[in-house]
Structure formats: structure tokens, C-alpha cells
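Novice: Got a sequence here, can you model it:
(chains A and B)
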Amino acid sequence: MLNPEIKKLLLAASPFRYLQPQELETLIAHSKILSFKNQETLIQQGKISHGMYIIIEGKALVIVKALGKNAMTFATLEEGNFIGETSLIEKIPATASVVAEGPLQCIQITTTYFDMLSSFFPETKYKITKAITEEICDRLIQLHQKISVLMNHSNMTQISLLSEIIKTFTHPEPISYEDAHIGYNQLRHLPFFELFSTEEYDQLLAMAKLVQAKKNCTLIKEGERDAPYFVVLWGAAQASIIQHNKIAKIMVLGPMSFFGSPSYVNGSPSIITYSSFERVTLLKISTENLIFLQKNNIQLWYKIIDLICRSFVTLDRSMAKLYVRLNNELYNR
Amino acid sequence: MCRVLSYLGNPIIIEDLLYKPDSSFIKQSYNPKYMSHLLNLAGFGLVAWDTTSHNPLFPHIYKTPQLPFYDENLRNFSEKIKPYCLLAHIRGVASSDNSIVSNQNVHPFIFEGSTMALAHNGSLIGFDQMKYDLLHYIQLPYQKKIVGNTDSEWIYALFLSQLSNPIGPYKTDSIIHAILETLKILQQVRHKHHLSVNSPVNLFISNGNFIAATRFVFDYGWQPFDAEPSAHFAYHSLWYTYGESYGLHDNEYKMKESEKKSSIIIASEPLTEDVTTWIEMPESTLIVAERIGNEIKIVSQDIPNMS
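Specialist: Residues are numbered from 1 along each chain as shown, chains lettered A, B, ... in the order given. Below is the predicted model of the structure:
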């Protein structure tokens, strides 16, 4: 049994906010309580973190080293705060170090344990993933605001209004598998679909439309609500921020990339503009069909929400890089 | 796959770049961290500009088709020279008896009489079909100087042909213009031969006063359905770190922070396992670092889609 005070603390922690008390009990029963000495490192920036840590006693400092800056303390974390949540989603290097400030106790949800939840407690995993995705989407909005301020104050080259108007009139066109010279079974062998069982693959494709777009065609407009999700099969798309006729490229999304608007996650409109970078062949899944899958095939839905979360982790990292670059480079001037 | 390293800034003993960091440039030939299944064993070359050398407009040049980690001469040389600008390349080619490993194919390329050097990380798919059409765009004196059989040397000759003269000085705008023209011509010739398969072209160019680099792919994301997996179906990486001086600071190799930025490294991968003070350039981007007084300024821009 968990100490009631710790249980209350954990239920209030953002990643667990959708869990029932019993689900939290089960989760924590298989987790470790770790103790750290003063100045001991929990997470090392640049190294892959072994999971998420929730502080139950003591304080920790978040320290960031970045291009153009000495190591600086970014935040102080206290009881109930958590760190390393994105390591549960993507096994990528941590973006900050976390060091104990005095004796510290944490509960650690390891990445391995979190992955195992898919088999034994998929709903628990789903609820945590959903909460983390919402956190990341909120962070993206803040980062977007910071980048927009930098763009507004820079003398970046302005894009042609005419070309932007033309983009808004070009849309991806539906295309048959036959016309695209794609065999239905050939797609099955693409890495993106390895995640799905044959039944899930069939249902996913039944819910998706094959579309093609010429280059520079708008796929998702900033401000758009209920935008669809896309899987890039061939070619590439681009994610950008457009502010006052200035454009900053966030990243290019090549084959097997999955992207869409956060509106499905947190109800907010898209903060990013997605357009075709090359001519591109995509699978398009509408919001209505995502809702249908959520209601009718929960196992498939769990896998999709995992992909959505990963796509926002990638976007978050690319936007953070853009922010650093805008501070160091004369970009698009 | 190849690996490329460029440096511009305060004079530096080159072993601090080539040998000392934990993922040093020489280590990247046999133990790269990115695309680690591909080794870079087909030759090493460097050009280095040093104000104290004779005729400093022209760089030291060292090239060998041998394995750099067995090269005692390179090691000794790297402990002695202290250039302010460097462009180095380790060549990776397919493990095939069709690959030609020779001194003529070692990068960086620098024709006699020119101060401009170029190294390339990438591969133009179908280059054999393209190259004789490229002659239309390459000035005659440069055509005669091509001695190897790499796509890279032809790209170098094509790039030089877009410049007003082989020695300079050049403004940043004219360098950017020449790079974009080079890419545009390559794409025109690709079109002519109906070549539309993903082909990466990361160029590194310097004449001692600037370094320019591209992270670019023609027809990104388009590859044959039945193609074998290949490193050339992706963007090759491009990173930089920027600050006062590179070296051992606080027991780690990194760029020392300062308000005034006077040194930059642009490379295909970081020189240390810890990449926290490095930035990865996004896809389809061109970066130019130029020395202005005692400072290095960075200009970057999106490369327009060429298709």
C-alpha cells in the first residue's frame, strides 16, 4: 500500500492525472523508489534517460548546457514535479541534466516497465501517454510564441504573398492505388506498418485515403482546426512557422513520417503549417476516422496515440533547435 | 558515406580536431556514431590555411588513400601545424571491387591556381549518365583539370565555373549564388536524364576566409520500391558548434562560450559523444560562416526545392 500522502502527491502529478487510484497503485507497485545524495545526477543531458522520475521528497535542479551558453540552472523541481517523461515515449538523449539539491527521493517509472504496460495494462499506458502528449502540446504553444517573437523582430526575407495565395488553392488530390502504381500488399511491407497486425493494417487502410500533392501544396494550415493526420509514403513534407509573411522551416518530414495538428489532442488549432516539400504521396486520416477508430478498435487506437505522441516529441525537439538557431544565425535574411 | 570536418577561427593545433576528442575525426573513419554500419576507409585529405605559412592565400594540402589511423606522418604533422581554417575529409565508398580507391579521388578537391577547396558527402545516383552533359556548364580550363572519377570532383569544377574568378575575394552572396546555381544545374541535368531518385549532396566549401556547407537531397523521399536499404536514401547529417575557441575546457572537448564568437566547426557529425553544445542543421539548409574582423558570423538559409 502506498503512503496516502505520496499517493495524493502522485495523483496530482500531471502524467498520472487520468489514472484511477487503483491504476496508480498497480503502477507504483512495480516501480522503484530511488534515493539520491546531494549533487548526484539523475539525468545527464545528452544521454538517454532510463525513465521518468517523480519527486516524492527533496529538491532537484534542471541544468541546461546549450550552444552559445554556459551551463545554467533552468528550473528547481520539488515534491510532485516530474522529469524525463519524454524518455518513456522516445529513446532519445535528454535535453537537460537533473541534479539532486540535497537528499532526494523519487519514484522511477522505467522505460522498460512502461513498454511492458502495453501487454498487461494498455489502458494505464494510454492514459499516461495521453497526459504526456497534452503536456508536450502545451510546451509547443509556448515555444511557438517564443519563436514568433524572434521572427517578428528579425529582418528575415518576406515570402511572396502571391505564392502563399497560390498554395492555399492547391490541395492534395485523392489517387487510386492503381494510378499510384502501389500494390495494397506492397504497402504492408513498409516499416511504418510493421507495428500493426494484419487486421489493424486492413482497418487502418480502410480509414485512410491515398493522396498525392505537387510540391508547395498546403497540407495543414496554421490556425486550422480538426486537421487530418498524414503518413508520408514517398516524397517529403515540410513543417514551418509562418509569421507576418516570414517563414522559418522547422523540419522536413520524409518517408514513414507521421504528422498532424494538436487540435485532436488538446482542442487548440494547428500552430504549424505543413506543406509538401517535394511531390509527395501520403495516407490521409481524417479526424472523424480517428474518432471512429478510438471508439471501435481500442488496441489500434492505443498504437495510434503512441505515434501521435512521438510525432510531437520530434516536433518539440526540432522547434527547440530552431529557437537556438534563430538566436545564433542570420537566418533567411 | 564520408565524413567531413571544417573549421574557421582562432588558430588551432589540428590534433585537437583530428585525434583528441572522444569521437575525433580520425575515429570517425572506423567508429562513426551516425550511420555507424558504414566505415570510411577509402582515403583521407585535408587543406589548411595558416597565416604563418609561405604564400598563405594557398593552403597546406595533404592527401592519402591510406588508412588515416595508421598514418604516422599525419599524426606528426597534426601536432605541429596551427591553421586558422581547415577542411578535412575521410572517404567512404561501397565495399565493392568496382570502387576506385586512389589519391586522385581523395577530397578535398583544389585545382592548381585556385584557393577554393571542396569536399563532398553524398552521392549522385546515375552520375555516369549525367557527367558529359555537365561539361556544357564547366569552363574549359576546369574541364582539363578533372583527373579522378568521382561525382564530387565534377561538382567542384561545376561550382568553380559559377564563380567570377578562381581566387576571390568573394562576398557571401556570391558564394551562396554559386552554390545554388551548381545545385540548379545538377537538377536540370538530372531531369534531362529522367533521374528522380533520392540523391544527397552535402557540400563543404572554403577558401580560408569562409566555410560554406549544404545539407541537401535531390528528390528526397523518392526511391525505387524494391531498392536495397542505402545510406544514400536519407539526408546526411550536418552539425555545427560555435563560440570563442575549441579545446579542452572543464575537462571536456568543447567550444568555449563567450559573447564574442570567434571560432566555428561545421562537420558531418560532432567530435564528441556529448552533443549538447552542437546544433544539427535542418534538412535542405545552406550555412555560410565568414570571418568579419575577429568574429565569425553565420548566415543560413533554406535551399529552395530544385525539382
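
Novice: only C-alpha atoms for contact and neighbour calcs from this point on.
Specialist: OK.

Novice: residues in the stretch 51-200 of chain A within reach of chain B, list them.
Specialist: Residues of the stretch 51-200 of chain A found near chain B (CA under 8 Å from any CA of the partner chain) are A:65, A:66, A:67, A:68, A:69, A:70, A:95.

Novice: For the first one, identify the helix or strand it belongs to.
Specialist: In this case it means residue A:65. Per DSSP states H and E: residue A:65 is located in strand A:51-66.

Novice: In the sheet, which strands lie alongside that strand, parallel or antiparallel?
Specialist: Strand A:51-66 pairs in its sheet with strand A:69-77 (antiparallel), strand A:82-83 (antiparallel), strand A:97-110 (antiparallel), by DSSP bridges.

Novice: Which one, of those strands, ends up nearest to residue B:14?
Specialist: For the strands paired with strand A:51-66, the distance to residue B:14 is smallest for strand A:69-77, at 24.6 Å, taking CA to CA.

Novice: So what's the residue count around residue 174?
Specialist: Chain wasn't specified; assuming chain A. Neighbour count for residue A:174, taken as other CA atoms under 10 Å in any protein chain shown: 15.

Novice: meant chain B, my bad for not saying
Specialist: Residue B:174 - counted by other CA under 10 Å - has 14 other residues nearby.

Novice: ok, now which ones touch the residue lying closest to it once chain neighbours are set aside?
Specialist: Leaving aside its chain neighbours, residue B:174 sits nearest to residue B:163 (7.5 Å; criterion: CA to CA, 6 or more residues apart in numbering or on different chains). Taking CA atoms under 8 Å, 6 or more residues apart in numbering or on different chains as the contact definition, residue B:163 lies against B:174, B:175, B:178.

Novice: check contacts around residue 32.
Specialist: Answering for chain A, as no chain was given. Neighbour list for residue A:32: A:107, A:108, A:109 [criterion: CA under 8 Å, 6+ apart].

Novice: try chain B instead
Specialist: Residues near residue B:32 by CA under 8 Å, 6+ apart: B:23, B:38, B:39.

Novice: ok and the residue in the stretch 201-307 of chain B nearest chain A?
Specialist: residue B:221 (4.0 Å; CA to the nearest CA).

Novice: picking up where we left off before, lowest pLDDT pick from the contacts of residue B:32?
Specialist: Across these, no position has a lower pLDDT than residue B:38, which has 72.

Novice: Read off the pLDDT value for the closest residue to it other than its chain neighbours.
Specialist: Leaving aside its chain neighbours, residue B:38 sits nearest to residue B:1 (6.7 Å; criterion: CA to CA, 6+ apart). Residue B:1 is assigned a pLDDT of 76 by the prediction.

Novice: what does residue B:226 give?
Specialist: We have a pLDDT of 71 for residue B:226.

Novice: how close does whichever residue of the stretch 51-200 of chain A sits closest to chain B sit to residue B:157?
Specialist: Nearest residue of the stretch 51-200 of chain A to chain B: residue A:67, at 4.4 Å (CA to the nearest CA). Separation of residue A:67 from residue B:157 (CA to CA, to the nearest Å): 35 Å.

Novice: Write out the residues of chain B neighbouring chain A.
Specialist: Looking at chain A, the residues of chain B close enough under CA under 8 Å from any CA are B:219-223, B:241-243, B:257-258, B:274-280, B:282-284, B:297-302, B:305, B:307.

Novice: Which PyMOL command selects the buried ones in the residues you listed?
Specialist: A single PyMOL command selects the buried members of the residues of chain B next to chain A (16 or more other CA atoms under 10 Å in any protein chain shown):
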select buried, chain B and resi 219+220+221+222+223+241+242+243+257+274+275+276+277+278+279+280+282+283+284+297+298+299+300+301+302+305+307
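
Novice: before we move on, back to that, quick check: the residue of the stretch 51-200 of chain A closest to chain B vs residue B:230, distance?
Specialist: Distance of residue A:67 to residue B:230, computed by CA to CA: 32 Å.

Novice: Flag the helix or strand of the chain with the lowest per-element mean pLDDT.
Specialist: No chain specified, so I'll use chain A. Ranked by mean pLDDT, DSSP states H and E, the helix or strand of chain A with the weakest confidence is helix A:161-169, at a mean of 66.

Novice: Actually, chain B is the one I wanted.
Specialist: Here the helix or strand of chain B ranked lowest by mean pLDDT, DSSP H and E is helix B:27-30, holding a mean of 89.

Novice: Need the contact partners of that helix.
Specialist: B:3, B:19, B:39, B:40, B:41, B:68, B:69, B:90.

Novice: Determine which two of these are furthest apart.
Specialist: B:19 and B:39 (17.1 Å).

Novice: how about stretch B:90-108: buried residues?
Specialist: Per 16+ other CA under 10 Å, stretch B:90-108 contains these buried residues: B:90, B:91, B:92, B:93, B:101, B:103, B:104, B:105, B:106, B:107, B:108.

Novice: Not counting its own residues, what contacts that stretch?
Specialist: By CA under 8 Å, 6+ apart, stretch B:90-108 touches B:1-4, B:29, B:38-47, B:63-65, B:87-89, B:117-120, B:147-150, B:153.

Novice: Mind checking which of the residues you listed land in helices?
Specialist: B:29, B:153 (DSSP state H).

Novice: Can you name the residue of the stretch 201-333 of chain A nearest to chain B?
Specialist: In the stretch 201-333 of chain A, the residue that lies nearest chain B is residue A:235 (4.0 Å; CA to the nearest CA).

Novice: Residue B:224 is in contact with that residue, correct?
Specialist: No - using CA atoms under 8 Å, residue A:235 makes no contact with residue B:224, being 11.6 Å away.

Novice: These two: who's more crowded?
Specialist: The neighbour comparison of residue A:235 against residue B:224 (other CA under 10 Å) goes to residue A:235, with 26 against 11.

Novice: Any stretches of the stretch 101-250 of chain B with poor pLDDT?
Specialist: Along the stretch 101-250 of chain B, the model assigns pLDDT under 70 to residues B:229, B:231.

Novice: Walking through it, point out its strands one by one.
Specialist: For the stretch 101-250 of chain B, the strands defined by DSSP state E, counting those that start in this stretch cover B:117-122, B:199-206, B:210-215, B:217-218, B:239-243, B:246-249.

Novice: any chance of the ones you listed in JSON lines, plus distance to residue A:298?
Specialist: Output for the strands of the stretch 101-250 of chain B, formatted as JSON lines (distance: least, CA to CA, whole Å):
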{"stretch": "strand B:117-122", "distance to residue A:298": "44"}
{"stretch": "strand B:199-206", "distance to residue A:298": "40"}
{"stretch": "strand B:210-215", "distance to residue A:298": "41"}
{"stretch": "strand B:217-218", "distance to residue A:298": "39"}
{"stretch": "strand B:239-243", "distance to residue A:298": "41"}
{"stretch": "strand B:246-249", "distance to residue A:298": "53"}
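
Novice: Quick one: closest of those strands to residue B:264.
Specialist: Of these, nearest to residue B:264 by CA to CA is strand B:239-243, at 4.5 Å.

Novice: wait, is residue A:291 part of a helix?
Specialist: Yes - membership of residue A:291 in a helix is supported by DSSP: H, G, I helix; E, B strand; the rest coil.

Novice: residues in contact with residue B:198?
Specialist: Residue B:198 is in contact with B:125, B:217, B:218, B:219, B:220, B:221, B:222, B:223, B:232, B:233, B:234, counting by CA under 8 Å, 6+ apart.

Novice: what pLDDT does residue A:68 get?
Specialist: Reported pLDDT for residue A:68: 64.

Novice: what's across from residue A:82 in the sheet?
Specialist: Going by DSSP bridges, residue A:82 is paired in beta bridges with residue A:54.

Novice: same check, this time on residue A:34
Specialist: Listed beta-bridge partners, residue A:34: residue A:106 (assigned using DSSP bridges).

Novice: didn't it look like it was pressed against residue A:103?
Specialist: No - contact between residue A:34 and residue A:103 fails when scored by CA under 8 Å: they sit 10.8 Å apart.

Novice: This completes my enquiry, with thanks.
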